[in-house]
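Enquirer: The following comprises the amino acid sequence and a computationally predicted model.
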Amino acid sequence: MKYLFWLFMICSSTINAQKTIGYVYDSKGVIPNFKVENKSKSFFVETNAEGKFLISANLGDTISFTSIAYNTYEFVVKNLHFEETTVVELTTNSLEEVKLSGGKSFKVPVEQLDEQLLKGIRSDIAKNSLDYRPSHGNLLEAPLYLAKLIFPKKKKTEIAHKVEYSLRFDHFKAYFEEDDLINEEFLTNELLIPQEDHLMFFNFLETENYTSALLKEDQKLEMISKLQESAKEYREEVLSKQ
């Protein structure tokens with residue numbers, strides 16, 4: 001009897017589930033390969049090349065549009081979502097969340113982070129200069145290096161320009177280990193690359209023509225967009241064949 005009850009519940013859920021159709025875009029146009037999640041049913045789909053999505057849902061389900069590059073948007077499914085095409089416009093997330101040791105958090109514009117960091121390091125060097133003594137060649141503890149870094153001399157002329165270079169395996173590995181936003185959690189949850197495939201994915205990225213220009217802070221959104229495209233290609237060409 002209990003078996004028949006659960007069979008009835010599953011069949012009812014399947015029958016009641018309907019499809020909601022829509023498009024996702026931002027200020028620049030449609031957004032391909034974007035994750036659209038039915039939080040109530042714990043599954044997701046991705047938008048196609050035209051930014052279109054098609055997802056199963058019941059009345060009352062919560063549909064979520066979440067990415068590190070955009071502000072989160074959600075809606076609760078109503079009858080109109082089955083009758084009309086849903087158009088979702090996402091806004092760019094220009095703030096980074098800075099976590100404090102006490103568990104609190106606040107948001108600071110990206111362009112202010114470097115300035116605040118430098119002020120903090122300058123203040124700490126002034127108060128604890130002995131802690132910045134050399135130790136076995138550790139660059140982080142070398143006072144002369146830090147002094148030049150934090151208190152640079154005024155530039156007379158710009159002698160040389162930085163040359164762009166192609167990113168290799170070691171660059172990607174270090175980037176995902178050190179960056180606050182594009183990290184291993186982002187690699188697994190946002191790009192949908194299983195943890196055991198992380199290193200292989202870095203090798204794959206070597207073939208995708210990434211350059212050092214993408215490492216600049218003002219290129220972070222461009223880096224995220226390119227990584228999403230590469231991740232989809234990797235999933236289709238490699239993971240689907242495993």
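Expert: Looks like it came in fine.
Enquirer: and the strand ranked longest in the chain, what does it pack onto?
Expert: Using DSSP state E to assign secondary structure, the strand with the most residues in the chain is strand 18-26. Secondary structure elements in contact with strand 18-26, counted by 3 or more Cβ pairs under 8 Å, 6 or more residues apart in numbering; DSSP states H and E, are strand 52-57, helix 80-83, strand 86-89. All C-beta atoms are positioned from the backbone trio N, CA, C, and that covers glycine.
Enquirer: Just name the most buried of these.
Expert: Among these, ranked by average contacts under mean count of other Cβ atoms under 10 Å, first place goes to strand 52-57 (a mean of 18).
Enquirer: Does anything pack onto it? Which helices or strands?
Expert: Of the remaining helices and strands, those touching strand 52-57 by 3+ Cβ pairs under 8 Å, 6+ apart are strand 18-26, strand 35-38, strand 43-46.
Enquirer: quick one: which of these is nearest Asp170?
Expert: Set against Asp170 and scored by Cβ to Cβ, those come closest in strand 35-38, at 28.8 Å.
Enquirer: what's next to that closest one, contact-wise?
Expert: With Cβ atoms under 8 Å, 6 or more residues apart in numbering as the contact definition, strand 35-38 has outside contacts at 24, 43-47, 53, 55-57, 61-67, 190, 192.
Enquirer: again, only using 7 Å
Expert: 44-47, 53, 55, 57, 61, 63-67 (Cβ atoms under 7 Å, 6 or more residues apart in numbering).
Enquirer: buried stuff in the host helix or strand of Lys173?
Expert: The secondary structure element spanning Lys173 is helix 169-178 (assigned by DSSP states H and E). Buried residues in helix 169-178, defined by neighbour count with 16 or more other Cβ atoms under 10 Å: 171-172, 175-176.
Enquirer: Columns distance to Val76 and pLDDT on top of those residues, output as JSON lines?
Expert: As requested, the buried residues of helix 169-178 are arranged in JSON lines below (distance: Cβ to Cβ, whole Å; pLDDT from 0 to 100):
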{"residue": "His171", "distance to Val76": "43", "pLDDT": "92"}
{"residue": "Phe172", "distance to Val76": "39", "pLDDT": "92"}
{"residue": "Tyr175", "distance to Val76": "38", "pLDDT": "92"}
{"residue": "Phe176", "distance to Val76": "35", "pLDDT": "92"}
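Enquirer: want to try TSV for those, with distance to Phe75 as columns?
Expert: TSV is the format used below for those (distance: Cβ to Cβ, whole Å):
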residue	distance to Phe75
His171	39
Phe172	36
Tyr175	34
Phe176	32
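Enquirer: Direction included, what does the helix or strand that the longest strand of the chain is followed by pair up with?
Expert: Once the chain leaves strand 18-26, the next helix or strand it forms, by DSSP H and E, is strand 29-30. Paired neighbours of strand 29-30 in the sheet (DSSP bridges): strand 18-26 (antiparallel).
Enquirer: Name the residues that touch the partner strand?
Expert: Residues outside strand 18-26 that contact it (Cβ under 7 Å, 6+ apart) are 30-31, 34, 47, 51-57, 65, 70, 77, 81-82, 85-90, 92.
Enquirer: Would you mind getting the angle between it and strand 52-57?
Expert: Strand 18-26 and strand 52-57 are oriented at 140 degrees to each other (axes from the mean of the first three to the mean of the last three Cα atoms, to 10 degrees).
Enquirer: just the helices in the protein please.
Expert: 2-16, 80-83, 110-127, 143-150, 169-178, 184-189, 198-206, 220-237 (DSSP state H).
Enquirer: Export only the CA atoms of the last one, formatted as PDB.
Expert: Listed next in PDB are the C-alpha coordinates belonging to helix 220-237 (Å, rounded to 0.1, in the frame of the first residue of the first chain):
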ATOM      1  CA  LYS A 220      37.600  39.700 -14.500                       C
ATOM      2  CA  LEU A 221      34.200  39.600 -16.100                       C
ATOM      3  CA  GLU A 222      35.700  38.900 -19.500                       C
ATOM      4  CA  MET A 223      37.700  36.100 -17.900                       C
ATOM      5  CA  ILE A 224      34.600  34.600 -16.400                       C
ATOM      6  CA  SER A 225      32.700  34.700 -19.700                       C
ATOM      7  CA  LYS A 226      35.600  33.000 -21.500                       C
ATOM      8  CA  LEU A 227      35.900  30.400 -18.800                       C
ATOM      9  CA  GLN A 228      32.200  29.600 -19.100                       C
ATOM     10  CA  GLU A 229      32.600  29.000 -22.800                       C
ATOM     11  CA  SER A 230      35.700  26.800 -22.400                       C
ATOM     12  CA  ALA A 231      34.000  24.800 -19.600                       C
ATOM     13  CA  LYS A 232      31.000  24.100 -21.800                       C
ATOM     14  CA  GLU A 233      33.300  23.000 -24.600                       C
ATOM     15  CA  TYR A 234      35.300  20.800 -22.200                       C
ATOM     16  CA  ARG A 235      32.100  19.100 -20.800                       C
ATOM     17  CA  GLU A 236      30.900  18.400 -24.400                       C
ATOM     18  CA  GLU A 237      34.200  17.200 -25.800                       C
END
